[in-house]
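Colleague: Fold the following.
(2 chains)
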2 protein chains.
Amino acid sequence: MHTMGRRAREAVSRLAVSSTEERNGALLAAADAIRSETEAILEANRADMDRARAKGLTDAMLDRLWLDADRIEGIARGLESVAALADPLGEVIAEWERPNGLRIQRVRVPLGVIGIIYESRPNVTADAGALCLKSGNAAILRGGSESVSSSQAIHRCLSVGLASVSLPETAVQLVPTQDREAVGHLLRGLSGNVDVVVPRGGKGLIQRVQEDARVPVIGHLEGICHVYVHESSKPEVATAVTVNAKMRRTGICGAAETLLIDAAAADTLLPDISETLIQLGCELRGDPRACAIDPRMHPASEEDWSTEYLDAILSVKVVEDVGAAIEHIQRFGSGHTEAIIAEEPAVVERFFRELDSAILLHNASTQFADGAEFGMGAEIGIATGRIHARGPVGAAELTSYKYLVRGSGQIRPA
Amino acid sequence: MHTMGRRAREAVSRLAVSSTEERNGALLAAADAIRSETEAILEANRADMDRARAKGLTDAMLDRLWLDADRIEGIARGLESVAALADPLGEVIAEWERPNGLRIQRVRVPLGVIGIIYESRPNVTADAGALCLKSGNAAILRGGSESVSSSQAIHRCLSVGLASVSLPETAVQLVPTQDREAVGHLLRGLSGNVDVVVPRGGKGLIQRVQEDARVPVIGHLEGICHVYVHESSKPEVATAVTVNAKMRRTGICGAAETLLIDAAAADTLLPDISETLIQLGCELRGDPRACAIDPRMHPASEEDWSTEYLDAILSVKVVEDVGAAIEHIQRFGSGHTEAIIAEEPAVVERFFRELDSAILLHNASTQFADGAEFGMGAEIGIATGRIHARGPVGAAELTSYKYLVRGSGQIRPA
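Modeller: Numbering: from 1, shown residues only, chains lettered A, B, ... in the order given. Next up is the predicted model:
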């Protein structure tokens, strides 16, 4: 592990003087490699899936692990869209002049070496590697044991891309062993050779990171996302957005876990929403007023409001108004993503102003909480901390900056 | 301490809905209070100084602690210049539209509760409190035992300012006890009621923070700052900037600790620089070639190149060229601030491109490494980490952001 750290640090020096063309060339060559290696990746993924089924992983976990030709094509396109992004490096973020004539520029630079610890999703190998490379960072990837074969197959394509432009293959390294020691080493920073760790995974990993990390962390906690249906909402929007927010994919952090609906609109709007969800196989857990409207709902316990199901289950609560909805979200939400369905602008503005989640949406599905959907090409995760980056973390979010100050002999007065 | 945490969290809710006028009004009223309480602050400071002298603090430490009417006027002006800054909160940092019609805004929000741990400088109480308040954050200040009386006197003025606009005085709290327990509590985050800790102090504090912190840290390591004099430099600029960088104030992190000078120019430029420094009482520690030019220099040991003197001592090394200067700085520097004195543009650009310190200056003193000098009104410190903020940390650097996304019923395709 420590050798990997030193090699990553060395790669940073080379990446720092790499051109936009080199880094983009590596990404495009990697995308080509992903396409031409589709069969090999599928075969590796089948091996992972067989092991995962034998271990009895849940359907949601199997869905995260599973690849088909479409998803592999999606991985290749993700690499291409990261290549198509503007180069964040060297960008002058701000510049100004001081009364004494000093000209100050704030210029974007890489963070350095980024350690990424993730679990079952093999596409993270490509997305995280690509975003780090785009932003001039060296990546040390530590994937989950479930996806080891898929990740190795994808990582080989990234190495092909790097080699094609003569960038060091150590710019994106995959930790070979699957022992838990590797995580500990990354969290302690490999003797100063890791600048930040990005964990992507379940509660066990997050807790471990919070306890053991001695380097900065761009963290990702759970996504207890809410959809709030205001009485002014259009019925067809309320149903379509709620159903998509819950059911498009249930295993992702941007999936809705709780529906809040105005008492004044519950009788007219809730039946259509619950009927559609139940038809799609979703279990509903309602508060007494919601259960009274649709008796097929199970009664929700207090615990339901703070549970991230990551499954086809939705808790449903009837609230008095937007104030009550905001209060519920402040109490039970995880600050990830919330949507309001409403036509009344003042209500939307209040929801946007008083809530402080990383992403607030109006009349759109919480499943848009995603770097690619935000136009970032891909994402390394959705940050729920408040430091450095919040929400989708793309290439620009993996940078720092330095100040360049140009003078003509200025000295500072006492 | 945990009560302070809860009160700070409550204050955040009030600050989040406070107006620009309220926050600025509190700052201006606090500046007035600082001026009208000058005598009381001076008296408190005299008590601190007496204790500090009895404890045998170094001259550099005494200088950091000491206040006079001018420095107090400077503190009041600092509050006013923070008030005069544009309000960072609510600022739309970026906005764009997606092909599906979603309109995305990235809007600036406060970080939350900021814990500031500092040592002898009493003005930090005002600067840190002001910057937190400006940016809508609640502050928990833990000053050093040396400056306890001065800090309390200044803190009272901040409370007067908050009260004058009916903002909660708990928006800026000063930890009353001086026991080491307080630092530990802050570093562990007061049960989730501290969002980030900003340490300002010496190596002992920094080491403790790195070991014990369980919350994000905006850190400040040592400032081993370099002045590099290129052979193309103007002699008068080389002397004036080097002398100012070392001697204006020797106890601050932006003070130069090492002078690197081109071999081709050392014979002509170094004698004037060393003569001026020695006249001002500066001890010089040179490498063999520097000592040969001015035999009054002491021989530098290997340790000198990585020592932050914070005193009237400067190490001096003759280097072959800009490449050797860059190599020396990469090896021994702390990534804080470096200056190049040169007239040749290509050399300056190489220095700016290849070095990655938080602040790089051309033909200007390293002592400009300061938030006020950067136009930020004041600073809470100079960050040497790479995460969240680098260089001077002003009000805008104490913010995070949230995304507001406006749609018209968009759902995400499978």
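
Colleague: So which residues of the stretch 201-350 of chain A form strands?
Modeller: Counting by DSSP state E, counting those that start in this stretch, the stretch 201-350 of chain A has these strands, from start to end: A:225-229, A:256-262, A:283-286, A:298-299, A:313-319, A:337-341.

Colleague: Pick the most deeply packed of those.
Modeller: Among the strands of the stretch 201-350 of chain A, ranked by average contacts under mean count of other C-beta atoms under 10 Å in any protein chain shown, first place goes to strand A:337-341 (a mean of 30). For every residue, glycine as well, the C-beta is placed using N, CA and C.

Colleague: Tally up the residues packed near the residue in the stretch 251-400 of chain A positioned nearest to chain B, please.
Modeller: In the stretch 251-400 of chain A, the residue that lies nearest chain B is A:A364 (3.1 Å; C-beta to the nearest C-beta). Counted by other C-beta atoms under 10 Å in any protein chain shown, the residues lying close to A:A364 total 28.

Colleague: In CSV, list the strands of the stretch 201-350 of chain A along with mean pLDDT.
Modeller: What follows is those, written out as CSV (pLDDT from 0 to 100):
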stretch, mean pLDDT
strand A:225-229, 98
strand A:256-262, 98
strand A:283-286, 98
strand A:298-299, 98
strand A:313-319, 98
strand A:337-341, 98
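
Colleague: wait, which of those strands is closest to A:A33?
Modeller: The closest of these to A:A33 is strand A:337-341. By C-beta to C-beta, the value is 33.6 Å.

Colleague: Which strands and helices lie in contact with that closest one?
Modeller: strand A:225-229, helix A:235-247, helix A:322-332, helix A:345-354, strand A:359-364 (3 or more C-beta pairs under 8 Å, 6 or more residues apart in numbering or on different chains; DSSP states H and E).

Colleague: and the helix or strand bottoming out on mean pLDDT in chain A, anywhere near chain B?
Modeller: Ranking every helix and strand in chain A by mean pLDDT, DSSP states H and E puts helix A:203-212 at the bottom, with a mean of 84. Yes: Helix A:203-212 is in contact with chain B by C-beta under 8 Å from any C-beta of the partner chain, via A:Q210, A:E211.

Colleague: Mind giving me the packing neighbours of that helix?
Modeller: Packing partners of helix A:203-212 (3+ C-beta pairs under 8 Å, 6+ apart): helix A:181-187, strand A:196-200.

Colleague: Can I get stretch A:381-398 in CSV? Just the C-alpha atoms.
Modeller: Listed next in CSV are the C-alpha coordinates belonging to stretch A:381-398 (Å, rounded to 0.1, in the frame of the first residue of the first chain):
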residue,chain,number,x,y,z
GLY,A,381,-20.4,10.6,-5.3
ILE,A,382,-23.0,12.9,-3.7
ALA,A,383,-21.4,14.8,-0.8
THR,A,384,-23.6,15.3,2.2
GLY,A,385,-20.9,17.1,4.3
ARG,A,386,-20.7,20.8,4.2
ILE,A,387,-16.9,21.1,3.7
HIS,A,388,-15.3,21.5,0.2
ALA,A,389,-18.1,20.1,-1.9
ARG,A,390,-21.8,19.4,-1.5
GLY,A,391,-24.1,17.4,-3.8
PRO,A,392,-22.7,15.8,-6.9
VAL,A,393,-18.9,15.7,-6.9
GLY,A,394,-17.5,16.0,-10.4
ALA,A,395,-14.1,16.9,-11.8
ALA,A,396,-14.2,20.6,-10.8
GLU,A,397,-15.1,19.6,-7.2
LEU,A,398,-11.9,17.5,-7.0
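
Colleague: Quick one: mean pLDDT over that stretch.
Modeller: For stretch A:381-398, the mean per-residue pLDDT is 92.

Colleague: is chain B contacted by that stretch?
Modeller: Yes: shown here: stretch A:381-398 in contact with chain B (C-beta under 8 Å from any C-beta) through A:G385, A:R386, A:I387, A:H388, A:R390, A:G391.

Colleague: Restricted to strands, list the residues you listed.
Modeller: A:G391 (DSSP state E).

Colleague: quick one: which of the residues of stretch A:381-398 next to chain B has the most company?
Modeller: Of these, with other C-beta under 10 Å as the count, A:G391 tops at 28 neighbours.

Colleague: Contact partners for that residue?
Modeller: Applying C-beta atoms under 8 Å, 6 or more residues apart in numbering or on different chains to A:G391 gives the contacts A:A358, A:I359, A:A369, A:F374, A:I382, A:A383, B:Y401, B:K402, B:Y403.

Colleague: quick one: the fourth one and B:R103 touch, right?
Modeller: No: distance between A:F374 and B:R103: 11.6 Å, which falls outside the contact criterion (C-beta atoms under 8 Å).

Colleague: which of the two has more neighbours?
Modeller: Between A:F374 and B:R103, counted using other C-beta under 10 Å, A:F374 has the larger neighbour count: 22 against 15.

Colleague: one step back: please narrow the contacts of A:G391 to those residing in strands.
Modeller: Cross-referencing the contacts of A:G391 against strands under DSSP E gives A:I359, A:I382, A:A383, B:Y401, B:K402, B:Y403.

Colleague: Make TSV from those residues and add distance to A:V194 and neighbour count to it.
Modeller: Listed next are the ones in strands among the contacts of A:G391 as TSV, based on distance: C-beta to C-beta, whole Å; neighbours: other C-beta atoms under 10 Å in any protein chain shown:
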residue	distance to A:V194	neighbour count
A:I359	28	26
A:I382	21	25
A:A383	18	24
B:Y401	25	19
B:K402	28	20
B:Y403	28	22
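
Colleague: so which pair among the residues you listed is furthest apart in space?
Modeller: Longest span within the ones in strands among the contacts of A:G391, C-beta to C-beta: A:I382 and B:Y401, 13.7 Å.

Colleague: now the residue in the stretch 201-350 of chain A positioned nearest to chain B, nearest residue through space, not along the chain?
Modeller: For the stretch 201-350 of chain A and chain B, the shortest gap (C-beta to the nearest C-beta) falls at A:N244, measuring 3.6 Å. Nearest residue to A:N244, sequence neighbours excluded (C-beta to C-beta, 6 or more residues apart in numbering or on different chains): B:I411, at 3.6 Å.

Colleague: Could you work out the end-to-end span of stretch A:332-342 for me?
Modeller: Taking C-alpha to C-alpha, to the nearest Å, stretch A:332-342 runs 21 Å from one end to the other.

Colleague: gap between that stretch and the chain center?
Modeller: On the basis of C-alpha atoms, centre = their mean, to the nearest Å, stretch A:332-342 is displaced by 16 Å from the centre of the chain it belongs to.

Colleague: And stretch A:247-259, by the same measure?
Modeller: Counting by C-alpha atoms, centre = their mean, stretch A:247-259 comes out at 14 Å from the chain centroid.

Colleague: Kindly format the C-alpha coordinates of it as PDB.
Modeller: This file holds the C-alpha atoms of stretch A:247-259, laid out as PDB (Å, rounded to 0.1, in the frame of the first residue of the first chain):
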ATOM      1  CA  MET A 247     -39.300   3.400  -8.300                       C
ATOM      2  CA  ARG A 248     -36.900   4.300 -11.200                       C
ATOM      3  CA  ARG A 249     -34.100   2.800  -9.200                       C
ATOM      4  CA  THR A 250     -34.800   2.000  -5.600                       C
ATOM      5  CA  GLY A 251     -31.200   1.200  -4.600                       C
ATOM      6  CA  ILE A 252     -29.600   4.600  -5.200                       C
ATOM      7  CA  CYS A 253     -29.100   7.400  -2.700                       C
ATOM      8  CA  GLY A 254     -31.300   9.800  -4.600                       C
ATOM      9  CA  ALA A 255     -34.400   7.500  -4.400                       C
ATOM     10  CA  ALA A 256     -37.200   9.000  -2.400                       C
ATOM     11  CA  GLU A 257     -37.900   7.300   1.000                       C
ATOM     12  CA  THR A 258     -40.800   9.400   2.300                       C
ATOM     13  CA  LEU A 259     -43.800  11.100   0.600                       C
END
